[in-house]
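In: sequence plus the predicted model coming up.
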Amino acid sequence: KLDIEKINVVGALNFLGAEVNKESNRETFRIIKQAFDSTGNYLEAHKFYSFEMDRMKVESSGFTKLIYRFNQFGSSFGQNYTYSLAWMIVLTLVFACMVSAKSFYIDETSGLYSYALFLNQAASHFPLFAKSFPEGIRFIGLIYSVLMSALIWLFVVAIKRHTTR
């Protein structure tokens, strides 16, 4: 485990070829990432950015932890654009199957019907979704659209990270 959180350095740092345990602290990864960024070695900097974000995920809690997990599974913190592309395809196929099979329609006699009706009416008040999806599936359409938007954003970030910095 490497811990360089409290060092003072006068010259440029060189970590090329250094092996760092993934259990090192976040500040260590940030310092190494900045050292690679300053020398223009962006590929190595990306790797340590991913390690830094992984440590942030471990240190965070609540909703922030959920966001970090989504980012990790969606694109491995911008390292892999195929993850987000695969998740977009899977999500679209699941949504299309649900729409064609009408598997999300809840029987009026069910105890969940009032909750489903409330959620669909609430989703109808979002201007973009008022007419985008048929009555009865607006809430699921809203969830689908939010997830797709986030996955598209992760895809664009990962592509950008692989092409420029």
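Out: Alright, I've got the coordinates.

In: quick one, what contacts the residue nearest the centre of the chain?
Out: Geometric centre of the chain, nearest residue: residue 71, 2.1 Å, by C-alpha atoms, centre = their mean. Neighbouring residues of residue 71 by C-beta atoms under 8 Å, 6 or more residues apart in numbering: 53, 77-78, 154. Glycine gets a C-beta too; all of them are placed from N, C-alpha and C.

In: report the separation between the nearest residue to residue 59 once chain neighbours are set aside and residue 122.
Out: In this structure, residue 59 finds its nearest non-sequential neighbour in residue 26, 6.6 Å apart by C-beta to C-beta, 6 or more residues apart in numbering. When C-beta to C-beta, to the nearest Å is the yardstick, residue 26 and residue 122 sit 38 Å from each other.

In: what do you get for residue 128?
Out: Remark: distance between residue 128 and residue 122 (C-beta to C-beta) = 14 Å.

In: residue 80 - how many residues pack around it?
Out: 17 (other C-beta atoms under 10 Å).

In: surely it meets residue 158?
Out: Yes: distance between residue 80 and residue 158: 6.3 Å, which falls inside the contact criterion (C-beta atoms under 8 Å).
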